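Engineer: dropping the sequence and predicted coords here.
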Amino acid sequence: MSGPGGSLKVTVERFLANLRASRNYSAHTCRGYRADLGHFAALHPELAPESLSRSHVRAYLAQLQKEEKLARNSLLRRISALRSFARFLREQGTLKADPFLNVPLPKKEARLPKFLTQAEMGSLLAPPAAASRRFQARDRAVLELLYSSGLRRSEVSSLNIGDVDFMGGTVRVFGKGSRERIVPVGTSALSSLRDYLKARPGAPAGAPLFLNGRGGRLSDQGVAWLLKRWVRSAGWSKPVTPHVFRHSFATHLLDAGCDLRSVQEMLGHKNLATTQVYTHLSLEQLKRVYRRSHPKA
C-alpha cells in the first residue's frame with residue numbers, strides 16, 4: 001500500500017484533514033468517509049494513491065453491486081467518498097487522469113425526506129415531564145433552534161454565543177464548504193436561548209453556545225443524543241433525528257408559501273435541485289393553489 005505518493009491510508013488521512021480544514025466537514029461526515037475509504041483500501045491493500053485508475057473504480061463498483069445486503073444509497077455513498085478522494089488526488093497533482101471518467105454509476109433512489117406535521121412539532125417541543133431538569137433549558141434551546149432555523153446538527157454544535165444576533169433575530173452559520181450564511185431565528189427559539197444563557201452570565205462571545213455535561217462544546221453526536229432522549233421522555237416511539245427537524249423546517253416554510261430560493265438560502269444548499277425535493281412534500285400548498293386556481297375546485 002506504499003508508493004511514491006505515500007500509503008493509501010496516510011493519504012486518506014490527509015484528505016480528511018483537508019475536508020475538516022478547508023471545507024468545514026463535520027466529524028460525523030469525516031468518520032463516514034474514513035469508513036467508506038477504508039473499505040476500498042481493504043480490497044486494494046497494495047494500491048498506491050497515484051496508481052488509482054478506472055479499472056479500480058470499475059472493479060470496486062462491481063464488488064459493491066455483488067454485496068446483496070448493501071442498500072443502493074449506501075453503495076452510492078461509498079462511491080461518492082472514493083470520487084471525492086480521487087478529486088482531491090487530482091487537485092494535489094497525484095493523479096493525472098480522472099478514474100471516474102465515462103464510468104456509468106447507478107442512480108440514487110428517490111426517497112422523500114421524513115418530516116413532522118406542525119401539530120406533531122408543537123407537541124414534541126412542549127417540555128416532557130420526564131425530561132432531565134438539569135439539561136432541560138439547554139435541550140429545549142437546541143431543539144427550538146433546530147426547528148426555527150433548519151440547521152444541521154454539526155452547524156448547531158459549532159455555534160458560538162457571538163454567532164447569535166438577539167437584536168436582529170438571526171444566527172451566523174458556517175455550513176458545508178465553509179460557506180457562511182445568515183439565517184433568521186424565530187422569537188420562540190430566541191426566548192429559549194436567552195433562558196438557557198441566563199445561567200452563564202458574562203460568558204464571552206467566542207465561547208461555545210451549547211455546552212455538554214463536562215462544560216465543553218456540545219458535539220454533533222451530543223445534539224442527536226439529546227434529541228433522542230427528549231423524544232423518549234415525551235413517550236414517542238417513532239424515530240426523530242435532527243435532520244427530521246431540518247426537513248420539517250423546509251416543508252412547513254413551503255407549505256406557508258415561502259419561495260424555493262429563500263428556502264435554499266436558509267438551508268445552505270449549493271444547488272437548487274437539492275432543495276426541490278421538498279416541493280414534492282408540500283401537498284397542502286399544492287391543494288391551496290389548486291383550490292384557488294381551478295375553476296371546478
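Structural biologist: Perfect, I can see it now. Computed from a predicted model, the values in this text were never measured in an experiment.

Engineer: how about residue 218, nearest residue that isn't a chain neighbour?
Structural biologist: residue 210 (4.0 Å; CB to CB, 6 or more residues apart in numbering). Every C-beta, even on glycine, is put in place using the N, C-alpha and C of the backbone.

Engineer: quick one, phi psi at that neighbour?
Structural biologist: When quoted as degrees, to the nearest 10, the phi and psi of residue 210 stand at phi -120, psi 130.

Engineer: wait, it sits on residue 217?
Structural biologist: Yes. Residue 210 is within contact range of residue 217, at 7.3 Å (criterion: CB atoms under 8 Å).

Engineer: so which of those two has more stuff around it?
Structural biologist: Applying other CB atoms under 10 Å to residue 210 and residue 217 shows that residue 210 carries more neighbours, namely 23 against 17.

Engineer: next one: that one from residue 245, what distance?
Structural biologist: 15 Å (CB to CB, to the nearest Å).

Engineer: one more: residue 133?
Structural biologist: 23 Å.

Engineer: neighbour count winner among those two?
Structural biologist: For residue 133 versus residue 245, the count of surrounding residues by other CB under 10 Å is larger for residue 245: 28 against 7.

Engineer: if we can go back for a sec, name the residues contacting each of residue 210 and residue 217.
Structural biologist: residue 157 (CB atoms under 8 Å, 6 or more residues apart in numbering).

Engineer: now the strands for this protein?
Structural biologist: Counting by DSSP state E, the chain has strands at residues 164-165, 170-174, 180-184.

Engineer: flag every buried residue along stretch 250-265.
Structural biologist: Buried residues in stretch 250-265, defined by neighbour count with 16 or more other CB atoms under 10 Å: 250, 251, 252, 253, 254, 255, 260, 263, 264.

Engineer: same question, stretch 193-200
Structural biologist: Of the residues in stretch 193-200, 193, 196, 197 count as buried by neighbour count, 16+ other CB under 10 Å.

Engineer: repeat that for stretch 73-91.
Structural biologist: Using 16+ other CB under 10 Å as the test for burial, stretch 73-91 gives 75-86, 88-89.

Engineer: just the residues you listed: which are in helices?
Structural biologist: Judged by DSSP state H, these include 75-86, 88-89 as members of helices.

Engineer: residue ranges with poor pLDDT in the chain?
Structural biologist: Confidence mapping of the chain against pLDDT under 70 gives the ranges 1-6, 68, 108-112, 129-131, 177, 280-289, 297.

Engineer: need the residue closest to the centroid of it.
Structural biologist: residue 152 (4.7 Å; CA atoms, centre = their mean).

Engineer: thought residue 121 was touching residue 244, still the case?
Structural biologist: No. When contacts are counted by CB under 8 Å, residue 244 is not listed as touching residue 121 (9.6 Å).

Engineer: neighbour count winner among those two?
Structural biologist: Neighbours were counted for residue 244 and for residue 121 using other CB under 10 Å; residue 244 has more, 22 against 18.

Engineer: look up how far residue 150 lies from the more buried one.
Structural biologist: 11 Å.

Engineer: again with residue 183
Structural biologist: For residue 183, the distance to residue 150 equals 7 Å [CB to CB].

Engineer: which neighbours do those two share?
Structural biologist: Common neighbours of residue 183 and residue 150, using CB under 8 Å, 6+ apart, are residue 266.

Engineer: can you list the domains in the protein?
Structural biologist: 8-91, 118-290 (automatic domain parsing).

Engineer: for these, give me TSV that also has distance to residue 102.
Structural biologist: As requested, those are exported to TSV (distance: least, CB to CB, whole Å):
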stretch	distance to residue 102
domain 8-91	8
domain 118-290	23
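
Engineer: among those, which comes closest to residue 296?
Structural biologist: Residue 296 lies closest to domain 118-290 among the domains of the chain, at 10.1 Å (CB to CB).

Engineer: can you give me the end-to-end span of that closest one?
Structural biologist: Domain 118-290 has an end-to-end distance of 21 Å (criterion: CA to CA, to the nearest Å).
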